[in-house]
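S.K.: no letters, just coordinates:
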């Protein structure tokens, strides 16, 4: 059986209305446990479907940041001024940090 709000231990700083609301929610969930489980599963499935249809991300760092940022505009100006260097920006050499005599 559900406890009444007057029977629950409360602290001085807790509002009796909040405690009563929480008790009502818990009692509802206990009495309608299968409906709550079914509703939760439906909500999870709907969320997964929405996420699968609408979530997209790019891993291209050039497209992640806005081109209106001042430093991005400067970077684009440098790329236009030195097109031969634009492709090499941000790439790591395979032998970076290795000494030639150690292979």
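M.R.: Alright, I've got the coordinates. Because the structure is a prediction, the values reported are computed rather than measured.

S.K.: and the contacts of stretch 59-70?
M.R.: For stretch 59-70, contacts defined as CB atoms under 8 Å, 6 or more residues apart in numbering pick out 58, 72-73, 76, 90. (C-beta placed from N, C-alpha, C; glycine too.)

S.K.: switch to 6 Å and redo it
M.R.: Around stretch 59-70, the neighbours that count as contacts under CB atoms under 6 Å, 6 or more residues apart in numbering are residue 72.

S.K.: just the mean pLDDT for it, thanks.
M.R.: For stretch 59-70, mean pLDDT rounds to 82.

S.K.: burial count for residue 43?
M.R.: Taking other CB atoms under 10 Å as the criterion, the count of residues near residue 43 is 10.

S.K.: touching the helix or strand harbouring residue 53 from outside, list them.
M.R.: According to DSSP states H and E, residue 53 maps onto helix 33-54. For helix 33-54, the external contacting residues (CB under 6 Å, 6+ apart) are residue 29.

S.K.: next secondary structure element downstream of that helix?
M.R.: helix 61-64.

S.K.: flag every buried residue along whichever helix or strand comes after that following helix.
M.R.: Helices and strands here follow DSSP H and E; after helix 61-64, the next one along the chain is helix 70-81. Neighbour-count burial for helix 70-81, counted by 16 or more other CB atoms under 10 Å, picks out residue 75.

S.K.: what's the first helix or strand after helix 70-81?
M.R.: Taking DSSP H and E as the definition, the helix or strand that follows helix 70-81 towards the C-terminus is helix 83-86.
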